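A.B. asks: task: produce atomic coordinates for the following.
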Amino acid sequence: MITKFNHVAIVVPDLNAAKKKYKEVLGAKVSKISNYVEHGVSVVFVELENTKIELMHPYGNKSPISKFLENNKNGSIHHICIEVKDIKKSVEKLKKYRIRILGDETPKNGAHNKPVIFLHPKDFYGTLIELEQE
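C.D. replies: Next up is the predicted model:
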């Protein structure tokens, strides 16, 4: 079902400062800041040869990561993203195993404009997992 690791997402208290640190200190290639109103996040992608790091910050008053940042004032890893070939088939298989999908079970387009779902962290050892269609 899963095919490859896509990215790790880190919630940061200051997106501009985090972008600058990854670029200047680590010499990373970083994207521009993108705001996703429908998801309540602003993101920057740090491009690596074999994967990405997604730096995230709340966007708007109803951001789903605001509480996470309140509880982790200095920032912290939020989730990992793994690719799947067919997200709809993956949803059906997960339901058979009683794996909880956050929100409704309908995939939504994520930051890469591909369908994604999130799996409940209690079903995967405390890790929030995003599944993204290849």
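A.B. asks: show me the contacts for the nearest residue to H57 once chain neighbours are set aside.
C.D. replies: The shortest distance from H57 to any residue that is not its chain neighbour, by Cβ to Cβ, 6 or more residues apart in numbering, is 4.0 Å, and that residue is L15. In this view, the C-beta of every residue, glycine as well, is placed from N, C-alpha and C. For L15, the contact set (Cβ atoms under 8 Å, 6 or more residues apart in numbering) comprises 33, 42-44, 55-57.
A.B. asks: D86 too?
C.D. replies: For D86, the contacting residues are Q133, by Cβ under 8 Å, 6+ apart.
A.B. asks: same question for the one 4 residues further on.
C.D. replies: If a contact means Cβ under 8 Å, 6+ apart, then S90 has 1, 84, 117, 131 as its contacts.
A.B. asks: what is the least confident helix or strand in this structure?
C.D. replies: The element with the least model confidence among the helices and strands of the chain, by mean pLDDT, DSSP states H and E, is strand 108-109, at a mean of 92.
A.B. asks: so which elements touch the helix or strand following it?
C.D. replies: If you walk from strand 108-109 toward the C-terminus, the next helix or strand you reach (DSSP states H and E) is strand 115-119. Counting by 3 or more Cβ pairs under 8 Å, 6 or more residues apart in numbering; DSSP states H and E, the packing neighbours recorded for strand 115-119 are helix 87-96, strand 108-109, strand 129-133.
A.B. asks: could you dump strand 115-119 to PDB, C-alpha only?
C.D. replies: The C-alpha atoms that make up strand 115-119 are tabulated as PDB, following Å, rounded to 0.1, in the frame of the first residue of the first chain:
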ATOM      1  CA  PRO A 115      -5.400  13.800  -2.500                       C
ATOM      2  CA  VAL A 116      -4.500  13.200   1.200                       C
ATOM      3  CA  ILE A 117      -5.900  11.700   4.300                       C
ATOM      4  CA  PHE A 118      -4.600  11.700   7.900                       C
ATOM      5  CA  LEU A 119      -4.600   8.700  10.200                       C
END
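A.B. asks: buried sites along the strand or helix carrying E54?
C.D. replies: Assessed by DSSP H and E, E54 sits inside strand 52-58. Along strand 52-58, these residues count as buried under the neighbour rule (16 or more other Cβ atoms under 10 Å): 52-58.
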